[in-house]
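Asker: Kindly return the folded structure for what I paste below:
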Amino acid sequence: MNKWLLLALMSTSAQAYEPDRDQVLRFEPSPFQNVELNCQRDKDVVPRRSDLLLDHYALLASDNGERMATITVTNGAGGQRMFNQEHLVAIMADCSRIYPLSFELTLGAGQQETFQIYFGRRAQPVLQLISNN
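Answerer: Below you'll find the predicted structure:
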C-alpha cells in the first residue's frame, strides 16, 4: 500500500510545468536599434530631455501581444538623478510612439543599471527605443 502511494506521489510531482505558450516571452530582432527612423506619426510624443543615456536594449514579446524591453541605462549627469517612463519612448511598427508603463529609477552620477520596462499588450511590435539626451 505504501509503495503505491509513494509511486502515485512521485508520478504527480514528476510532471513538468508547461507555461501557456501565448505568454512565453521571446527575444525579438532589433534591426532598427542604430538606425534613425523618420516616422511622422505621433512626432510630438518625445522623451523628456535628460541625462539618461540609453546604452543598450533587447526587445521581448509574447504571442499574446505583450511587449517589453530589457534596457541598460547610464546616468550621464554629475549628480544623482531620477528617471521615469517619460524619459523613454518606443517607436512601434505602425510609426506610432508610446511611453512605457510607469517606472521610477534613481541613479547616482555615472551609475549604470539594467532593468525591464513594459509597454502592455500591443498588436504592433516595437521597432526602436529612444531617449532624449
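Asker: what residues are up against Asn132?
Answerer: For Asn132, the contact set (C-beta atoms under 8 Å, 6 or more residues apart in numbering) comprises Val46, Pro47, Arg48, Arg49, Ser50, His87. All C-beta spots, glycine's among them, are computed from the backbone N, C-alpha and C.
Asker: And it, what's its pLDDT?
Answerer: Note for Asn132: predicted pLDDT of 90.
Asker: before we move on, what about Gln111?
Answerer: On the pLDDT scale, Gln111 is placed at 97.
Asker: and it, what are its phi and psi?
Answerer: The phi/psi pair for Gln111 (degrees, to the nearest 10) reads phi -70, psi 140.
Asker: quick one: the strands in this protein?
Answerer: Under the criterion DSSP state E, the chain carries strands at the ranges 26-28, 52-61, 66-75, 81-84, 89-92, 97-98, 104-107, 112-121, 126-130.
Asker: Nearest approach to Cys39 belongs to which of those?
Answerer: Closest approach to Cys39 among those (C-beta to C-beta): strand 89-92, 5.7 Å.
Asker: Pull up the pairing partners for that closest one, direction included.
Answerer: Sheet partners assigned to strand 89-92 using DSSP bridges are listed as strand 97-98 (antiparallel), strand 126-130 (antiparallel).
Asker: could you dump the longest one to PDB, C-alpha only?
Answerer: Put plainly, it is strand 126-130. Output in PDB follows, covering the C-alpha atoms of strand 126-130 (Å, rounded to 0.1, in the frame of the first residue of the first chain):
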ATOM      1  CA  VAL A 126       8.400  47.700 -31.000                       C
ATOM      2  CA  LEU A 127      10.900  48.900 -33.700                       C
ATOM      3  CA  GLN A 128      13.100  51.200 -31.600                       C
ATOM      4  CA  LEU A 129      13.500  52.800 -28.200                       C
ATOM      5  CA  ILE A 130      14.700  56.400 -28.000                       C
END
